[in-house]
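Predicted model and sequence below, questions to follow.
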Amino acid sequence: MKNKALALLSGEGTTIPAAEARSLFAAYDEESKFSSPVPRLLLADSRADPFLIGSRIAFSRRVGVAVAGPEEAAPMMEGKRVRFRAFDLVDGLPPPDPEKYLRGIDAQVDLRNPEVELTLVRAGEEYLAVTSPGTMVQGWSLRRPRKRAFFHPAAIFPKLSRALVNMTGCKSGEVFLDPFAGTGSITIEASMVGARVVALDQAGSMVKGCISNMKHFGQEWLGVVRGDSTYMPLARLDAVATDVPYGRASSTRGLKTRELLDRFLPAVKASMRPGSSLVLMHQKEVGVDQVRGFDLLEEHHLHVHKLLTRTISVLRRK
């Protein structure tokens, strides 16, 4: 049975938050349907569990079950510790009255540690959802690069790493690969959502650093391997996500990014099951729109600074 879910997207000003949310809903229900009545608000008709999605999503403030009014929310909130929270997407609105929305719900109000929250989003119209904000606390700052056992300046932050994993649609128990793993930024996040991870890097120092970081955060792996990503050592992969190395801080064995991708993509294609996803973060100038054996589903651009824009390409193995 399909239910209506609500995702209040974070406000980074990119297309990444909506893409991440859509990818997660579609991973658990390929027939999910979406609408976005206003910016930063995504509504989904889906069989996917919005609380599960909320527990692993990165670029959303709230994810939960959309309800028509307090009466529909009451059965999900009765007997629990609850809180009311409003998010205004337009300016100049008067403060809402929490009692108006919680009246008639048999529950204990707990502002600090609620089990569920009645979330109100106001953007011209009002949208209500029952959410579980406690399960959405991910501790990003605890896993930032300088908090890890092994640090490297090329490491990407955990929130973006999680989004790359989520955009593959990888589910718990599936085999996930980062072929340019570096310090393990992406594989740490993949392991935390239950994937069976394999990390591959050609530099022995990075392999040791990745193992140190995975252990530091209590994560497990199928393998952390020193190897060449253009000669894939795996037979079957369910999902792949990576930050393609570039620049002085990353080793590419002397290859330019285009050359590296031209060797890597055929190798990884042979190991991926049909229908699985490959998410690449790469230089904007290096296109991947005509890669044999893959369909390019979407691209998203991430402005780093005035001289650098990174592109996130989502490809599907044919």
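In hand now; what should we look at?

which residues are contacting the longest helix seen in the chain?
Counting by DSSP state H, the longest helix found in the chain is helix 257-271. With CB atoms under 8 Å, 6 or more residues apart in numbering as the contact definition, helix 257-271 has outside contacts at 177, 179, 229-232, 234-237, 240, 244-246, 252, 255, 278, 280, 282-283, 286, 288, 291-294, 317. Every C-beta, even on glycine, is put in place using the N, C-alpha and C of the backbone.

Now intersect those with the strands, please.
L177, L237, V240, L278, L280, H282, Q283, F294, R317 (DSSP state E).

Isn't the first one up against P233?
Which is L177. No - at 9.9 Å, L177 does not count as touching P233 under the criterion of CB atoms under 8 Å.

joint contacts of these two?
What both L177 and P233 touch, as defined by CB under 8 Å, 6+ apart, is the set L200.

ok, the two, which is more surrounded?
Looking at L177 and P233 with other CB atoms under 10 Å, you find the greater number of neighbours at L177, namely 33 against 14.

Compute the distance between that one and D289, please.
Going from L177 to D289 by CB to CB, to the nearest Å gives 22 Å.

could you say which helix or strand contains the spatially most central residue of the chain?
Centroid-nearest residue in the chain: A163, 2.4 Å away (criterion: CA atoms, centre = their mean). Element membership of A163 [criterion: DSSP states H and E] is helix 158-168.

residues making contact with that helix?
By CB under 8 Å, 6+ apart, helix 158-168 touches 16, 19-20, 23-24, 56-59, 138, 140, 143-144, 176, 185-186, 188-190, 192-193, 195, 239-243, 276-279, 281, 302, 312, 314.

I'd like to know which of these are buried.
Buried by 16 or more other CB atoms under 10 Å: 16, 19-20, 23-24, 56-59, 138, 143, 176, 185-186, 188-190, 192-193, 195, 239-243, 276-279, 281, 302, 312, 314, out of the contacts of helix 158-168.

Strands along the stretch 51-200 of the chain, start to end?
60-67, 81-88, 108-109, 116-123, 125-131, 175-178, 196-201 (DSSP state E, counting those that start in this stretch).

How far away from the center of its chain is the last one?
I take that to be strand 196-201. 18 Å (CA atoms, centre = their mean, to the nearest Å).

what do you get for the second one?
Computed by CA atoms, centre = their mean, the separation of strand 81-88 from the middle of its chain amounts to 24 Å.

what lines up beside it in the sheet?
strand 108-109 (parallel), strand 116-123 (parallel) (DSSP bridges).

And it, what's buried?
So for strand 81-88, counting by 16+ other CB under 10 Å, buried means R81, V82, R83, F84, R85, A86.

Closest one to K215 out of the residues you listed, please.
Within the buried residues of strand 81-88, the smallest distance to K215 is 35.4 Å, found for R81 (CB to CB).

Residues in contact with the helix or strand hosting H303: which ones?
Assigned by DSSP H and E, H303 falls within strand 294-305. Under the contact criterion CB under 8 Å, 6+ apart, strand 294-305 has outside partners 14-16, 19, 160, 265, 269, 277-278, 281, 284, 288-289, 309-318.

do stretch 14-23 as well
Contacts for stretch 14-23 (CB under 8 Å, 6+ apart): 7, 9-10, 32, 34, 36, 40, 42, 44, 53, 57-60, 63, 163, 166-169, 277, 298, 300-302, 312, 314.

same question, stretch 114-128
Here stretch 114-128 makes contact (CB under 8 Å, 6+ apart) with 6, 8, 37-38, 40-41, 43, 62, 64, 66-70, 73, 76-77, 80-90, 93, 96, 101-102, 105, 129-134.
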